[in-house]
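K.L.:
Dropping the sequence and predicted coords here.
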Amino acid sequence: MQRQSGAAGTSSSRARRVAHRTRDSCAAVFANTLCSVILGVLLVAGVALFVVWLSLRPHRPRFSLASFSITGGQVAFNVSDRNPNRHIGVYYDATRAEVRFYDTLVAAGPAFADGWYQPNMSTVSITGLLDVVGPGTRDPSWPSFNAALHAGRLPLRLQLSTAIRFRVNVFHSGRQRMHVNCELVVGADGNLLPESVGVPCDRYF
Ligand SMILES: *[C@@H]1O[C@H](CO)[C@@H](O)[C@H](O)[C@H]1NC(C)=O
Ligand SMILES: *[C@@H]1O[C@H](CO)[C@@H](O)[C@H](O)[C@H]1NC(C)=O
């Protein structure tokens with residue numbers, strides 16, 4: 001297009017200025033409207049997400065002691081693990097088990113070497129077989145361990161350590177570490193006393 005010149009230029013430049021202003025204010029109105037629409041959509045999406053979160057809010061799995069024994073140099077345990085979420089599954093990382101008499105390590109090993117998945121609203125048993133490693137007869141804690149065992153009330157703590165992620169459809173939450181502590185008492189024969197059967201275990205994160 002050719003540049004305009006001479007007398008015609010003055011009026012056409014006025015017209016151009018008017019057109020320019022009109023366009024600017026149109027753009028401003030349009031931008032404002034767009035901004036309002038975007039803010040509105042964001043607000044609605046935020047509220048919707050919050051409502052979905054409230055209805056889906058993940059509950060951590062619940063654990064209780066089904067059975068436990070310490071005999072013949074081995075610990076055998078069975079912990080019941082309930083996922084109470086209606087729509088949320090739980091991924092577990094490799095799970096490690098430890099048994100302690102106060103601070104003394106009694107047995108340790110993997111409960112699950114690999115990660116595994118627990119579907120929504122399901123209960124599974126976490127079982128394990130661990131070699132007893134202590135306390136040795138020369139350990140400072142040996143006398144009290146031995147005395148408690150012979151008295152028929154040996155207090156032990158089974159700890160499971162892992163990390164979990166929640167799954168909703170194809171979405172995963174971040175990993176969070178989880179420790180499950182089951183306080184229990186075994187009798188002189190190394191089997192769980194009735195008072196410890198089915199007790200809920202504590203969870204730490
Ligand atoms: C673990 O305990 C549960 C509940 O008592 C039982 O159904 C399951 O068979 C036990 N699993 C093993 C391997 O003992
Ligand atoms: C598990 O979740 C799926 C998808 O949300 C659902 O269709 C199914 O009924 C749930 N299972 C149970 C046992 O609630």
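P.N.:
Great, that's in hand. Ligands and ions are numbered 1, 2, ... in the order given.

K.L.:
Dump the helix or strand that Ala111 is a member of to CSV, restricted to CA.
P.N.:
Using DSSP states H and E, Ala111 falls within strand 104-112. What follows is strand 104-112, C-alpha atoms only, in CSV (Å, rounded to 0.1, in the frame of the first residue of the first chain):
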residue,chain,number,x,y,z
THR,A,104,17.9,-53.7,71.6
LEU,A,105,17.5,-55.1,68.1
VAL,A,106,16.0,-58.6,68.2
ALA,A,107,15.3,-59.3,64.6
ALA,A,108,15.3,-57.4,61.3
GLY,A,109,14.8,-58.0,57.6
PRO,A,110,12.6,-57.3,54.6
ALA,A,111,8.8,-57.8,54.9
PHE,A,112,8.3,-57.0,51.2
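
K.L.:
who's in contact with it?
P.N.:
70, 74-75, 92, 94-100, 126-135, 139, 141, 145, 156, 160, 162 (C-beta atoms under 8 Å, 6 or more residues apart in numbering). Glycine gets a C-beta too; all of them are placed from N, C-alpha and C.

K.L.:
cool, stretch 127-142 as well?
P.N.:
Contacts to stretch 127-142, defined as C-beta under 8 Å, 6+ apart, come from residues 70, 73-79, 97, 99, 101-111, 145.

K.L.:
Quick check: residues of this protein near ligand 1?
P.N.:
Applying C-beta under 6 Å from any ligand atom, we find that the chain lies next to ligand 1 at Ala66, Asn78, Ser80, Ser125, Thr127.

K.L.:
Now render those as CSV, adding pLDDT.
P.N.:
Formatted as CSV, the residues of the chain next to ligand 1 follow (pLDDT from 0 to 100):
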residue, pLDDT
Ala66, 96
Asn78, 96
Ser80, 96
Ser125, 94
Thr127, 93
